[in-house]
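Q: next comes the sequence, and after it the predicted model I'd like to discuss.
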Protein chains: 2
Amino acid sequence: MTRELDEATLEALAIGAGILGTGGGGNPYYGKLYVRRLLREGRRVRIVAPEDVPDEALVVSVGGMGAPTIGIERIHRGDEPLVALRALERHLGRPATHLVPGEIGGANALRPLAVAALADLPVVDGDGMGRAFPELQMDTFAIYGVPATPAALADIYHNVVLFPALRDAVTLERYARAVTVQMGGAAGFAFPAMSGAELRRVVIPYTVTLAVELGAAILDARRRHADPVAAALAVTGGSVLFRGKIVDVERRLAAGFARGVVRLEGIGEDRGSELRIDFQNENLIARRDREVVAVVPDLICLVDQETAEPVTTEVVRYGLRVAVLGIPAPAMLRTPEALAVVGPAAFGYPDVEYRPLPGIYGGDRIAAQRAASSERNRS
Amino acid sequence: MTRELDEATLEALAIGAGILGTGGGGNPYYGKLYVRRLLREGRRVRIVAPEDVPDEALVVSVGGMGAPTIGIERIHRGDEPLVALRALERHLGRPATHLVPGEIGGANALRPLAVAALADLPVVDGDGMGRAFPELQMDTFAIYGVPATPAALADIYHNVVLFPALRDAVTLERYARAVTVQMGGAAGFAFPAMSGAELRRVVIPYTVTLAVELGAAILDARRRHADPVAAALAVTGGSVLFRGKIVDVERRLAAGFARGVVRLEGIGEDRGSELRIDFQNENLIARRDREVVAVVPDLICLVDQETAEPVTTEVVRYGLRVAVLGIPAPAMLRTPEALAVVGPAAFGYPDVEYRPLPGIYGGDRIAAQRAASSERNRS
């Protein structure tokens, strides 16, 4: 099933991606404007279901690398990931046939769409994180065995750095992060490359659809003067962990990452309680009055309590009144292999236990519905 | 003219390269042992005069990147630059025909010989610095217009990073330095690639011969119980700036460089005076009682006052009695284009004026002698 992206879908996608960014991944706003301009220029973006990607396809993940706090101050050209893609294609000696987002959370949900519009390539409905994560080895492509290299980075001046062969994704993360810092804190990337058959094995499916449905539900609730937060929960499978006012933000830029702590004072039913959220680009751990209530890879998302507009790490500030959503992680992130890479220990919290939030991740729900419906069609 | 390297020549070369390293470039000792082992295994190293390199040759500069203080603690495999060379050749789609040292000072004088032995490629008698410098844009290849990219780096695990197209050598320095730090502070490199015709335009000629003659003169003086320091001066065209005891060394590792200050108290004729030397991997500026007496790109070399053994930045220590040699820089480093890149301002000393030391750089003398002799042969 292929659908073509229109402006309304793009608008919804940007909101959904902002929430799924769990505070990080960069604000999708610039990316949305860029893709909208490309659509208005007559370019098109096709979204293709994973099951419709041919086995022998060459699928490449593209996006941007860098701390979101830099992304907001330093405007991208927009074609950096395309320059990286072209360098990777030259190295591979063959052109990409499909693109796939590395992460559906934040700005990186939009960047593949821009590359797709520029290069007229279809984008797979799925991604490698089902959310956003700060480091590049933290995607299901790497976790489930797709080699991270060859990989390419490009900067705003179209300088290109190629990684033909590194021993693993963690090494790529270190080397590419160091280059990204030198590139002014932001780079476009193209990696990994995989076949269509590999893609289907490792991708978290239907997350583009999830982000669109999430944003559309919120927009619809706003129009109907219904509760946008409730609408978001219905689509994502999440619950409200806390409602409160942001009373403190500690934020520092360290080694290319935005790290810090956000503190909230409860309001309404949560009056008298405090919530503390640790983040590294993305929100990692939520503690209510010192008790852990949600842990990475489950999604901890701050949204405006009235509009459900996402509140990202780089815009979070004193006085905002927010709802903190806890959204169950995709099943593919809850396996032992995945938890070794994206669980609390991997983020420097060896003493925090991962206790899964109840519920089913929205993308997994969509996948189950699609499977059931195609089963029905077949019988 | 092609000569084959033997063990005696290698021994002399290592001493000469140590002195021409002006304190930096890494200690040639490990490199010498490695090349000696390769020679004993039956491999060969051919040294070719620049005029004997065909115009259409593919000449590649190879060596190691990193702070010398790391090189002494972290032993290289030795084949890192070869791995980088192979990656560059694959990228270029053709094999190298010749190697050329990037710098004749320090360990990088030896590394191309090891690659030459492993790959059975001839090494050009010349280099890009006529000494050692801390940053890679500081060679005559970059100064006189050879594009710095494509370039390749490889680490001890044979991880490879390729820079297909960066806008200039300074960008390569920044990006490659950042990767080198992630590689554990040491990497093998292969760049730039150039034709034989280009090489002849930009290379500082006969510096391998200079290093060999320098080391041989010192070894010969030691055997004859003559003064090795005087022998070194005769070959290099230098003079003694100061004789003294090292009384203080400030050294720190910053952003992949060894930076600091060495202080000497005069002995003999220099008693009562003090010499202060600022270094960044290499010695940059010598001040005698606050008066500047030698400035980069002229060579400031510490040698043991009895043996003329080089005293490098990473082994310099309290109590050593040394002669400080001031050696005139190659003519190719004294042009306005070169001084903009390797003069005192480029090292953060905008207020220090470059006043050339008197005399002629040893390599320039050899070049003049060769030119005169080939003129005679022709007439």
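A: Thanks, I have the structure now.
Q: who's in contact with the residue in the stretch 1-150 of chain A positioned nearest to chain B?
A: Using Cβ to the nearest Cβ, the closest approach of the stretch 1-150 of chain A to chain B is made by residue A:87 at 6.0 Å. Backbone N, C-alpha and C define where each C-beta goes, glycine included. Contacts for residue A:87 (Cβ atoms under 8 Å, 6 or more residues apart in numbering or on different chains) come out as A:152, A:154, A:160, A:162, A:190, B:164.
Q: let's see 10 Å
A: A:150-154, A:158, A:160-162, A:190, B:162, B:164-165 (Cβ atoms under 10 Å, 6 or more residues apart in numbering or on different chains).
Q: mind picking the two most distant members of those residues?
A: Taking Cβ to Cβ as the measure, those span a maximum distance of 18.4 Å, between A:150 and A:158.
Q: and these two? which has more neighbours close in?
A: A count of neighbours by other Cβ atoms under 10 Å in any protein chain shown puts residue A:150 above the other of residue A:150 and residue A:158, at 21 against 18.
Q: ok, the more buried one touching residue A:194?
A: No: using Cβ atoms under 10 Å, residue A:150 makes no contact with residue A:194, being 11.6 Å away.
Q: any idea how many residues pack against residue A:371?
A: Neighbours around residue A:371, by other Cβ under 10 Å: 12.
Q: by contact count, what packs against the helix or strand encompassing it?
A: For residue A:371, the host element (DSSP states H and E) is helix A:362-378. The contact analysis (3 or more Cβ pairs under 10 Å, 6 or more residues apart in numbering or on different chains; DSSP states H and E) places helix A:362-378 against helix A:7-20, strand A:126-127, strand A:204-205, helix A:207-223, helix A:228-236.
Q: relative orientation of it and helix A:228-236 in degrees?
A: 50 degrees (axes from the mean of the first three to the mean of the last three Cα atoms, to 10 degrees).
Q: so which bits of helix A:362-378 are buried?
A: Burial within helix A:362-378, assessed by neighbour count using 16 or more other Cβ atoms under 10 Å in any protein chain shown, is assigned to A:362, A:363, A:364, A:365, A:366, A:367, A:370.
Q: so what touches it?
A: Counting by Cβ under 10 Å, 6+ apart, A:1, A:16, A:20, A:49-51, A:104, A:125-127, A:130-131, A:204-211, A:213-214, A:232-238, A:299, A:327-332, A:359-361 sit against helix A:362-378.
Q: chain center to it, what's the gap?
A: In terms of Cα atoms, centre = their mean, to the nearest Å, the centre of helix A:362-378 is found 23 Å from the chain centre.
Q: could you give me the average pLDDT of it?
A: Here helix A:362-378 scores 89 as its mean pLDDT.
Q: report the angle between that helix and helix A:207-223.
A: Going by the same axes, to 10 degrees, helix A:362-378 makes 110 degrees with helix A:207-223.
Q: tell me where the stretch 101-250 of chain A has helices.
A: Secondary structure of the stretch 101-250 of chain A, counting by DSSP state H, counting those that start in this stretch: helices at A:111-119, A:140-143, A:169-182, A:196-202, A:207-223, A:228-236.
Q: and chain B, which of the ones you listed is closest to it?
A: Of those, nearest to chain B by Cβ to the nearest Cβ is helix A:169-182, at 3.9 Å.
Q: CA atoms only: put that closest one into PDB for me.
A: Provided in PDB are the C-alpha atoms of helix A:169-182 (Å, rounded to 0.1, in the frame of the first residue of the first chain):
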ATOM      1  CA  ALA A 169      27.600   0.600  15.500                       C
ATOM      2  CA  VAL A 170      29.100   1.900  18.800                       C
ATOM      3  CA  THR A 171      32.300   2.700  17.000                       C
ATOM      4  CA  LEU A 172      30.300   4.500  14.300                       C
ATOM      5  CA  GLU A 173      28.500   6.400  17.000                       C
ATOM      6  CA  ARG A 174      31.800   7.600  18.600                       C
ATOM      7  CA  TYR A 175      33.500   8.400  15.300                       C
ATOM      8  CA  ALA A 176      30.500  10.000  13.700                       C
ATOM      9  CA  ARG A 177      29.600  12.000  16.800                       C
ATOM     10  CA  ALA A 178      33.100  13.400  17.000                       C
ATOM     11  CA  VAL A 179      32.900  14.500  13.300                       C
ATOM     12  CA  THR A 180      29.400  15.900  13.900                       C
ATOM     13  CA  VAL A 181      30.700  18.100  16.700                       C
ATOM     14  CA  GLN A 182      33.400  19.400  14.300                       C
END
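Q: what's the following helix or strand after the helix or strand of chain A with the lowest mean pLDDT?
A: The least trusted helix or strand in chain A, going by mean pLDDT, DSSP states H and E, turns out to be helix A:68-71, with a mean of 54. Beyond helix A:68-71 in the direction of the C-terminus, DSSP H and E gives the next helix or strand as helix A:80-92.
Q: that following helix to helix B:80-92, inter-axis angle?
A: Using the same axes, to 10 degrees, helix A:80-92 lies at 90 degrees relative to helix B:80-92.
Q: and helix A:80-92, what's buried?
A: Those would be A:80, A:81, A:82, A:83, A:84, A:85, A:86, A:87, A:88, A:89, A:91, for helix A:80-92 by 16+ other Cβ under 10 Å.
Q: grab the nearest non-local neighbour of the residue nearest the centre of chain A.
A: Centroid check for chain A by Cα atoms, centre = their mean gives residue A:105 as the closest residue, at 2.1 Å. Nearest residue to residue A:105, sequence neighbours excluded (Cβ to Cβ, 6 or more residues apart in numbering or on different chains): residue A:132, at 3.0 Å.
Q: name all residues that make contact with the one you found.
A: A:17-18, A:20-26, A:68, A:102-109, A:138, A:281-283, A:299, A:312-313.
Q: and the buried ones among these, selectable in PyMOL?
A: Selecting only the buried entries of those in PyMOL, with 16+ other Cβ under 10 Å as the criterion:
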select buried, chain A and resi 17+18+20+21+22+23+24+25+26+68+102+103+104+105+106+107+108+109+138+281+282+283+299+312+313
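Q: what residue ranges in chain A score low on pLDDT?
A: Across chain A, the ranges flagged by pLDDT under 70 are A:1, A:67-76, A:255-256, A:379.
Q: and the stretch 151-300 of chain A, which residues reach chain B?
A: A:151-155, A:157-168, A:171-183 (Cβ under 10 Å from any Cβ of the partner chain).
Q: among those residues, the buried ones, what's the PyMOL command?
A: Applying 16+ other Cβ under 10 Å to those leaves a buried subset, and the PyMOL line that selects it is:
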select buried, chain A and resi 151+152+153+154+155+158+159+160+161+162+163+164+165+166+171+172+173+174+175+176+177+178+179+180+181+182+183
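Q: and the angle for the longest strand seen in chain A with helix A:169-182?
A: Determined from DSSP state E, the single longest strand within chain A is strand A:239-254. Strand A:239-254 and helix A:169-182 are oriented at 60 degrees to each other (the same axes, to 10 degrees).
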